[in-house]
Every structure is written in structure tokens, then in C-alpha cells.
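Colleague: show me how the following folds:
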Amino acid sequence: MWSRVRRAGRVPALVLLCSLLALTAAQSAHAALGSAPLTPPSDASVSSRVVQPTSASQSVIRSESSAASTTSSASTSYTVRETTFGNGTLVREYLTTSGAVFGIAWHGPQMPDLSDLLGSYFPQYVAGVKAARAARGNARGPVSVNDSELVVRSGGHMGAFSGVAWLPSALPSGVSGSDIQ
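Modeller: Predicted coordinates for the structure are as follows:
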């Protein structure tokens, strides 16, 4: 009987531990593609800059603190928010003027949590990866998901991961997928 009581006492502790881990994981979330950026973890440093595309191949970059003015054109400005995590991984979020994330890029020693980065697009990414791997005979390697709603390119190896993701329909005027770096 005593062993049942001790096991019963472990269950609430286990639930509490799992809840704390889930809360910690939620705090590490950074951006959700297609929605607003999330709050970075406390061990991260964040910087932002505004970019004014002048054509599909070149951009004028202005720091948020810069007083410089550029001539308005048919292109729409956007913000690039860079977050460097405590582990050295850098994540760039590309934000529309309304604050929605339309693109994400990452590189560093650890792979970021793609379920956090891709948000509601993560299941679509997983399905695309499964289809690509099945077509290659389940071979591992760099991943590319390319469809009309979502583009993701990811690869690397232990200690050096990189990737990009964007929503083609959400790209501002004058911005192409190659601008997500």
C-alpha cells in the first residue's frame, strides 16, 4: 500500500514538471510565420532595421535610429528583426509594415524549433518533408518544401545549421524569396 501512496504523490510532481517544461519551451518560441513575432527568450539579444526595396534585386537599408529618408516607390518597406540566442543561433524575422512575419532565416550551431518558427504552417512543412524524403527513398539531407503557400529550405550538420522560410503570397511589393537570407 505504501508504494501506491508514493506513486500517487509522484503523479502531481510529474504533471508539474511537464507543465514547467512546456512553459519553458513556450518561452523559447521566437516567431510564427504568418503572424506577429513572439517574445524572444531572456538570454537573446535583438536588433531591428527597416529595409526599403528599390527593385527586386537591391534594397536600401536604414537603421531604426537613422534619420535618413528615401524616396518612396512602388516597393513596400519591411523590418528585419535579428535575434541572437544564447547558444549562438541567429534568427532573422522579416516583418510587414503591419507587423506580420512573412519570412524567417536562421543559421547557427543549433537548429531552432521549427514548430515555433513556422507556427500554423509546421504541419504543411512536415508533410512536404515526408513527401520529399519518400521521393528520395527516405534519404536524409537538405530539405526543400516548395509550394504556392510555403517555401522552406533547411540543411546543415551538427554545429552548423541554416535555413529560410517564407510565404510567397505575403511577400511585400518589390521583395522576392531571395531577399530572405
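Colleague: where exactly do the helices run in this structure?
Modeller: For the chain, helices defined by DSSP state H occupy the ranges 2-27, 114-118, 122-135.
Colleague: for stretch 108-120, give the mean pLDDT please.
Modeller: Stretch 108-120 carries an average pLDDT of 93.
Colleague: repeat for stretch 165-181
Modeller: Rounded mean pLDDT across stretch 165-181 is 94.
Colleague: so how many other residues sit close to the residue lying closest to residue 143 once chain neighbours are set aside?
Modeller: Leaving aside its sequence neighbours, residue 143 sits nearest to residue 154 (CB to CB, 6 or more residues apart in numbering; 4.8 Å). In this view, the C-beta of every residue, glycine as well, is placed from N, C-alpha and C. Residue 154: 19 surrounding residues under other CB atoms under 10 Å.
Colleague: ok, now residue 136?
Modeller: Other residues close to residue 136 by other CB under 10 Å number 10.
Colleague: the one residue sitting closest to the centre of the chain and residue 54: what is the separation?
Modeller: Centroid check for the chain by CA atoms, centre = their mean gives residue 117 as the closest residue, at 3.3 Å. Separation of residue 117 from residue 54 (CB to CB, to the nearest Å): 28 Å.
Colleague: residue 181 contacts residue 92, doesn't it?
Modeller: Yes - the pair residue 181 and residue 92 qualifies as a contact (CB atoms under 8 Å) at a distance of 7.5 Å.
Colleague: more neighbours: which of these two?
Modeller: Between residue 181 and residue 92, counted using other CB under 10 Å, the more crowded position is residue 92 (17 against 12).
Colleague: distance of the closest residue to the more buried one other than its chain neighbours relative to residue 82?
Modeller: Ranked by CB to CB, 6+ apart and with sequence neighbours excluded, the top spatial neighbour of residue 92 is residue 105, at 4.4 Å. Residue 105 sits 9 Å away from residue 82, going by CB to CB.
Colleague: what's the answer for residue 117, then?
Modeller: In this view, residue 117 and residue 82 are 14 Å apart by CB to CB.
Colleague: any idea how far the residue nearest to the centre of the chain is from residue 90?
Modeller: Distance, residue 117 to residue 90, by CB to CB: 13 Å.
Colleague: what's the overlap in contacts for the two?
Modeller: Residues touching both residue 117 and residue 90 by CB atoms under 8 Å, 6 or more residues apart in numbering: residue 106.
Colleague: contacts only, for residue 171.
Modeller: Residues near residue 171 by CB under 8 Å, 6+ apart: 102-103, 177.
Colleague: go with 7 Å
Modeller: By CB atoms under 7 Å, 6 or more residues apart in numbering, the contact set of residue 171 is residue 102.
Colleague: and it, how far from residue 50?
Modeller: Plainly put, residue 171 is 16 Å away from residue 50 if you go by CB to CB.
Colleague: what sits closest to residue 175 if chain neighbours are left out?
Modeller: Leaving aside its chain neighbours, residue 175 sits nearest to residue 53 (5.5 Å; criterion: CB to CB, 6+ apart).
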